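Novice: Okay, predicted coordinates and the sequence, questions at the end:
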Amino acid sequence: MIFNPFLKKFKIFVLFIIAILIRVGLFYYIGETLLNSVEISGPTTSFLRLKEAITYKQFGLSPYYGDSIHENPLLIFIAELLKEYNFGLFLLYLLSDIVTSLFLYRSAALFFKSSRLLESFYYESIQEDYKHILAKLSSPSKASRAWLSERLELYALIQVSSSTDVLSFVLFCYLFNPYIILSTVARSSVVFINTSLMMAFYFALAGEFLFTTLSVALATWFNLYSIILLVPATLLLLSPKIHQNTEPPFKFLSNLPNFLLVGAFFFLWICLLTYVSFVLSGSWDFIEETFAFPLTIPDLTPNIGLFWYMFSEIFEQFRAYFIWAVHILFWTFIIPLTIKYRDNPSFLFLMFIGLLNTCKIYPTLGDLGFFLSLLSLWRHLFLYTKSLFLVGSIYLHSSVLLPTTWYMWIHRCSGNANFYYAQTLLISAATLILMWDLTIAYSRRKFDLEKGMFVRNSNLKIERVM
């Protein structure tokens, strides 16, 4: 028993060592090959374009002189310092990846602790129902006892989720996620976006006001659409105050000053990052090529998103209309989701990550990998879901056929863009199906928690809820 804590920490240490060795090994074997993969690196995250920006700087030109560089000036500045060390640049991405996993591990501990406290009352009442029904049954059959045990397991998952074994599972899901590994090996800057998002989630759970707003500002600096995560992050910051009462209804007007304060600090961080970027780049050209770039969608390089094919096919006179339609479609989801899940901002954060992955103009597999890794925190919903096998099969199918159809289209000229785009549609459809399934699972579990596994009728008999 004395050695149990040591063995658990050693197991986590071994997970990190194996994950690092896999990434380093793949970097030496296929690192350069993956640089050209459009599934892993997009116009805003490509390492090749980052190297091009460094070349511009060496010749005394602005990286934003043309229309191919869309990295932010801070990343270009750091990469320029390490330009002589190819492995040193890779270590920068690897370090960011490891930092993300550490924040995920700490976030899991805080998340399970807060969830356990919030659901402790429901869990105790369900245990009482479970014992009561067994006492009433004179000779419970194996089937009825098994059913009761299975139902109770749905709630017990949260209660045991603070153990090191469960936290190790969450860590494993990130460190050995193939999409995350390939993104790190390909040195896609989505790695830094994921780090910023994970930091925002952790600091919001911890109630760290300044660091939360800074993390969301950094994520927004890398990807403009990440600004939507300011909503669940703010709700998470306010949630400790909200849940102090027995009945914690969220009132927007009473918390309006807090929202305005968070928004003000977020705006200050954005202004500071803008000024730093101006100092590093020497001009304001970076704003058009970083912030405004995804708004106008000028680059139609194929990716795993929904919109590149559509904009390559439409007539130019309709382009402005569809640009507005695409962006409005994205923002229409924000208010309904916020109203629905305002009492559970952690789940709202997950939904927004999935929304970013689906509606992002230039998504990569790294975005999808981050969403799936974060999903491991809600493993207690899996017993309620219906489509995990279908979604997993689609992801596996598309992961194989995406590079295959790309090779047929570009290198062999035996296919066309329709083959490749069909796989991107499948990935987006699978993500939407998964999000829909999770919302249903969340609602069903919440109903069971609030109403109990059993309903008492007028004769005070306990009836089973199917």
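Specialist: Okay, I see it. Numbering: from 1, shown residues only.
Novice: Poorly predicted segments of the stretch 101-250 of the chain, please.
Specialist: Residue ranges of the stretch 101-250 of the chain with pLDDT under 70: 117-164, 240-250.
Novice: change it to 50
Specialist: Along the stretch 101-250 of the chain, the model assigns pLDDT under 50 to residues 159-162, 241-249.
Novice: residue ranges of the helices in it, please?
Specialist: Residue ranges of the helices in the stretch 101-250 of the chain, as given by DSSP state H, counting those that start in this stretch, are 142-159, 164-175, 178-185, 190-206, 209-222, 230-242.
Novice: Can you add mean neighbour count and give those back as a markdown table?
Specialist: For glycine as for every other residue, the C-beta is placed from the backbone atoms N, C-alpha and C. Below are the helices of the stretch 101-250 of the chain laid out as a markdown table (neighbours: other Cβ atoms under 10 Å):
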| stretch | mean neighbour count |
| --- | --- |
| helix 142-159 | 15 |
| helix 164-175 | 20 |
| helix 178-185 | 24 |
| helix 190-206 | 26 |
| helix 209-222 | 22 |
| helix 230-242 | 21 |
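Novice: Ok, which of the ones you listed comes nearest residue 444?
Specialist: Shortest distance between residue 444 and those, using Cβ to Cβ, is found for helix 142-159: 9.6 Å.
Novice: Could you dump the helices of the stretch 101-250 of the chain into JSON lines with distance to residue 287 added?
Specialist: What follows is these, written out as JSON lines (distance: least, Cβ to Cβ, whole Å):
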{"stretch": "helix 142-159", "distance to residue 287": "45"}
{"stretch": "helix 164-175", "distance to residue 287": "33"}
{"stretch": "helix 178-185", "distance to residue 287": "26"}
{"stretch": "helix 190-206", "distance to residue 287": "18"}
{"stretch": "helix 209-222", "distance to residue 287": "11"}
{"stretch": "helix 230-242", "distance to residue 287": "20"}
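Novice: Please identify which of those is closest to residue 329.
Specialist: With distances scored as Cβ to Cβ, the stretch of the helices of the stretch 101-250 of the chain nearest to residue 329 is helix 230-242 (17.6 Å).
Novice: which SSE is residue 299 in?
Specialist: For residue 299, there is no enclosing helix or strand under DSSP states H and E.
Novice: wait, isn't it in contact with residue 43?
Specialist: Yes - Residue 299 is within contact range of residue 43, at 4.4 Å (criterion: Cβ atoms under 8 Å).
Novice: The two: who's more crowded?
Specialist: A count of neighbours by other Cβ atoms under 10 Å puts residue 43 above the other of residue 299 and residue 43, at 22 against 18.
Novice: need the contact list for the more buried one.
Specialist: Applying Cβ atoms under 8 Å, 6 or more residues apart in numbering, we find residue 43 in contact with 49, 68, 70, 293, 299, 301, 303, 362.
Novice: do you know how far the residue nearest to the spatial centre of the chain is from residue 280?
Specialist: Compute the mean C-alpha point of the chain, and by Cα atoms, centre = their mean the closest residue is residue 371, 3.4 Å away. Going from residue 371 to residue 280 by Cβ to Cβ, to the nearest Å gives 31 Å.
Novice: And residue 11, by the same measure?
Specialist: Taking Cβ to Cβ as the criterion, residue 11 is separated from residue 280 by 42 Å.
Novice: Kindly report the same for residue 312.
Specialist: According to Cβ to Cβ, residue 312 and residue 280 sit 34 Å apart.
Novice: just residue 390 next, same as before
Specialist: Applying Cβ to Cβ to residue 390 and residue 280 gives a distance of 47 Å.
Novice: Those two: which has the busier surroundings?
Specialist: A count of neighbours by other Cβ under 10 Å puts residue 280 above the other of residue 390 and residue 280, at 16 against 13.
Novice: Surely that one forms part of a strand?
Specialist: No - secondary structure assignment (DSSP: H, G, I helix; E, B strand; the rest coil) places residue 280 in helix, not in a strand.
Novice: Can you tell me the closest non-neighbouring residue to it?
Specialist: Spatial nearest neighbour of residue 280, excluding adjacent residues (Cβ to Cβ, 6 or more residues apart in numbering): residue 73 at 4.3 Å.
Novice: Report the contact partners of the one you found.
Specialist: 63, 276, 277, 278, 280, 281, 286 are the contacts of residue 73 under Cβ under 8 Å, 6+ apart.
Novice: Likewise for residue 256?
Specialist: Residue 256 touches nothing, counting by Cβ under 8 Å, 6+ apart.
Novice: which stretch of helix or strand covers it?
Specialist: helix 256-281.
Novice: Buried only: go through the contacts of residue 73 for me.
Specialist: Buried members of these, scored by 16 or more other Cβ atoms under 10 Å, are 63, 277, 280, 281, 286.
Novice: Export those as a markdown table, with columns for distance to residue 344 and pLDDT.
Specialist: Converted to a markdown table, the buried ones among the contacts of residue 73 look like this (distance: Cβ to Cβ, whole Å; pLDDT from 0 to 100):
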| residue | distance to residue 344 | pLDDT |
| --- | --- | --- |
| 63 | 42 | 85 |
| 277 | 35 | 88 |
| 280 | 40 | 86 |
| 281 | 41 | 82 |
| 286 | 37 | 85 |
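Novice: Identify the farthest-apart pair in these.
Specialist: Using Cβ to Cβ, the buried ones among the contacts of residue 73 reach their maximum pairwise distance at 63 and 277, which is 11.5 Å.
Novice: residues shared between the contacts of those two?
Specialist: Residues touching both residue 63 and residue 277 by Cβ under 8 Å, 6+ apart: 73, 286.
Novice: coming back round to it: can you tell me the SS state at the residue nearest to the centre of the chain?
Specialist: Following three-state DSSP, residue 371 is assigned to helix.
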